[in-house]
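Peer 1: model this:
(chains A and B)
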Amino acid sequence: MNGSDPQELPTSKTPAAAPAVGLAGAVNPAPADVTQAYIRAGAIRPEEGIRPTGPAAAAMLASTLGPLAMSVGHLIATAYQPFEAALLTAGRLLVPGGEFVGGYSGKELIALAIWLGGWALLHWRLRRRQVGLTGVTIVALVQLLIATLLFWPPVTRTLASLVR
Amino acid sequence: MSKRSSLHLSHVPSGERGWRDGMLWRRRSAVLSAMGGALAAIGAAPGRVWGQSAQLARATRGPYVQQAAPDGITVLWHTDTPVVPSVEYRPERPAGSGESPDPWTVVGGGGRARTHAIRLTGLLPGTAYRYRVFGDGRLLSEGGPTRTLPAPDVGALSFAVYGDTRTNHSPHEDVVRSILRQPHLPELLLHAGDFVESGQYADQWDTFFRIEHDLLSRVSLFPAIGNHEENHPLYFQSFRVPGNGTTAGEGRWYSFDAGPAHFIALDVVFSDFEPGSPQYRWLEQDLRRTTRLWKFVFFHYPPYNASQPHGPNLRVRAALEHLFVEHRVSIVFASHAHVYERARGATAGPELPSLIHILTGGGGAPLHAVSRDPSTQYAEPTYHFVRVVINGSRITTTGVRPDGTEFDRFDGRLDDAGRVEAVTPLALPVVVSGPSITAFAASPQGAMVAGYTAVWGAGAPLGLSAAAYGRRRPVVPVPSGAIAPPPRKVEDPYAGWKGLPVVLLVSGLAAVVLAMILLTAPLHWLLGFDTYTLILTAHAVLGTALVVVATIAASMGYRLAIHHLPSFGWLMGMASAAAALAGTLAILGNILYAGYLRSGGPMEQLIKKAPEAHKVLFEFKEYVGLFPFPLAVAAAFIVWFYREDLRRDRQLAEMVAVLLLLVVFFSLLPFGLGAAVVRLRGIL
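Peer 2: Numbering: from 1, shown residues only, chains lettered A, B, ... in the order given. Take a look at the predicted model:
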């Protein structure tokens, strides 16, 4: 089966509704048998857990996407002053006490919005997906590394002067 | 390189008769080409042949005028190659006067160089002059007309004040144009600091002078140093200011007279100004010596400022305002905050007029939000310059926006004691607020922020989810005892340990004793309590706690990854505690950063003594210090969401371990930088 729900397999709501595919004579299968039935049907693999890994991937990717977006925003604000001014105003208006920390509040605001909004969107898209976590971890680490580098003042100034 | 002259005759007649003609043509063309080549070679000969540079110089900055006086003015300019400079000047005759122009007077000065400054002396007061600058005898540029300062007996003067022209070039250009569009150009300019974003970059200074070229070629600008100049030599090389008679503050604090007024520029950023300091003593003497009734002082940090994030500089106020009041200073100008604000300062006594403070930081830097305190008379977050007109004993100050509209006109006069009092009763304070949220959302600025957030908040996740789509699979509907292979049963080595109650008892007693000590000890003698110090202490304690908790969580994550974690409860608890601590630290960090940025706060001291520490330690630390929060939240979520699945899916367990390790790293990084900041207190 190519990743689609095994329609014939019993569910917790209807444990005895239909016999499991491949199970001969099972009318009320025990829980372990149900799981084994999913495995035999190819719906899940033996090393996988109860839930798909998509939500975990979403959480990790979003947690590093926010800092990355903040760092790129910081670079753009350094190179392009109208954007710095826009972040200054946004932070002052929308972040409690934002007027006391200047443009920093605007950058915090976009980091928060992108982290939480991106997490919600990623979770919705991946909630039923089994995602390879090794690749996700690598992508998240790269995002975090780039974010850290972009905040280092000599790097920011150099890149900003190239972009200007 | 001069153009090669070329004489090329392309017509060669053909045919037999034409062959003969062709020979003649070819001979002629050869001779003419040889002559052209010789001329080209001579033109390209080394300068010593003709006394000119092989590469012709051009002016890369200026010319602009500086250090104006009733009898002289200094002309400055830069060239791209070294040249021997000279200046020609003559009085400007009014158009339509019918007078023939005076002959040019030539002034040379200095050897071969790229930076040139030539002082024109023996000029007439209040007179307009045209000038031309030369390099190696070749005309580079014309400037002016520029006007010398009026004589002391002239009772009228007009000048313009502005500051914080840094960073945003477009509004800076608008402000300069609005000054040039005035019916009468000001006779001098005061700039209260922050000319450029970072004073160490020559290209930023070039941009500043390019924007201000038309203005500064005609009007002399008198500068006061700001924090963004970074105390760099480029600032001092760009301006010529009157000497102050001391070597200590050369170029930093100085004074000069113009007509009926005496002007004083101070350095409150990089030089000491407290009583007893060389600058303070000089200021006292200078105020005592001057006989002018109108006295204006300008510098960068504002003693009165209701706007954020900087607020008022109380150190400057405490150290200097009493001098200004005692010596009847007319108006104090400052910038640093990117707003306009007029405030009433201290007074010599009841019923006496208050000292007027005008904050003019709207020359181009990103605008701040205005607020109001008891001293505020008018505040507006707008780009602007301030026009000041003196006529006898009357003064008018007016804010002028880039579109030419005026605001906050203040009319004053000198009373019998030489203090400035308002001609008309002061109106109720006016505070012009900035845009509302809805106005911002509908503005181009709002569109920029919304667009950026949408691209990253929607576009990036969609792209990432498409790349990491994986295969669709169901949630197994019933919890299974064992999904092959079954999870390894982990023995809890601490199960049944009888020492736990003893440990809990001792820990509880220690906590009670510690609480009693904290509540009853005179800690204010130890810590010098104020709110800021309390928050600082809490921030340090919680930061330490985060490092400890994150390390414990990471070690549990490691045990999870090697299938040796006995209890999810502890892992869940530690991950959640790390997330809570990281979030609290982010909030406290914001509060502390606000205190750091305020006028008179640690940032000013750091910029003065260790500017690189400000840029690297604080800018970098503030941003990476936010990273642990989302990482810890993600880790806590995954542990809560998956629970026993973490034993079944090895990749999941390893990812949690990596997340918790990242929390440790990004807790240690700002922790270490914060410790370095504490170390800096010893040198500030």
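Peer 1: number of nearby residues for the residue in chain B positioned nearest to chain A?
Peer 2: Nearest residue of chain B to chain A, counting by C-beta to the nearest C-beta: B:Asp645, 3.1 Å away. Bear in mind the C-beta positions are built from the backbone N, C-alpha and C, glycine included. By the criterion of other C-beta atoms under 10 Å in any protein chain shown, B:Asp645 has 21 neighbours.
Peer 1: quick one: contacts for it?
Peer 2: A:Gly49, A:Ile50, A:Arg51, B:Leu652 (C-beta atoms under 8 Å, 6 or more residues apart in numbering or on different chains).
Peer 1: What is the neighbour count of B:Arg181?
Peer 2: Using other C-beta under 10 Å, B:Arg181 has 12 neighbouring residues.
Peer 1: Confidence-wise, which helix or strand of chain A is lowest on average?
Peer 2: helix A:31-40 (a mean of 64; mean pLDDT, DSSP states H and E).
Peer 1: what's the next secondary structure element after that helix?
Peer 2: Later in the chain than helix A:31-40, the nearest helix or strand by DSSP states H and E is helix A:54-79.
Peer 1: what distance separates the helix or strand following that next one from the centre of its chain?
Peer 2: Once the chain leaves helix A:54-79, the next helix or strand it forms, by DSSP H and E, is helix A:81-94. Relative to the mean C-alpha coordinate of its chain, helix A:81-94 is positioned 27 Å out (C-alpha atoms, centre = their mean, to the nearest Å).
Peer 1: do the same with stretch B:138-151
Peer 2: 30 Å.
Peer 1: Name the residue of chain A that lies nearest to chain B.
Peer 2: A:Gly49 (3.1 Å).
Peer 1: Any chance of the backbone angles for that residue?
Peer 2: Dihedral pair for A:Gly49: phi -90, psi -170, per degrees, to the nearest 10.
Peer 1: Looks like it contacts B:Arg643 (just checking).
Peer 2: No: with contact defined as C-beta atoms under 8 Å, A:Gly49 does not reach B:Arg643; the gap is 9.3 Å.
Peer 1: who has more neighbours, those two?
Peer 2: More neighbours surround A:Gly49 than the other of A:Gly49 and B:Arg643, with 26 against 16 (other C-beta under 10 Å).
Peer 1: Now the more buried one: closest residue in space, sequence neighbours ignored.
Peer 2: Spatial nearest neighbour of A:Gly49, chain neighbours left out: B:Asp645 (3.1 Å); criterion: C-beta to C-beta, 6 or more residues apart in numbering or on different chains.
Peer 1: Tell me how far the residue nearest the centre of chain A lies from B:Ala160.
Peer 2: Chain A has A:Ala58 as the residue nearest its centroid, 2.1 Å off, counting by C-alpha atoms, centre = their mean. The spacing between A:Ala58 and B:Ala160, counted by C-beta to C-beta, to the nearest Å, is 57 Å.
Peer 1: Tell me which stretches of the stretch 301-450 of chain B form strands.
Peer 2: In the stretch 301-450 of chain B, the strands defined using DSSP state E, counting those that start in this stretch lie at B:331-334, B:340-347, B:354-360, B:376-380, B:385-391, B:394-400, B:406-414, B:420-422, B:430-431.
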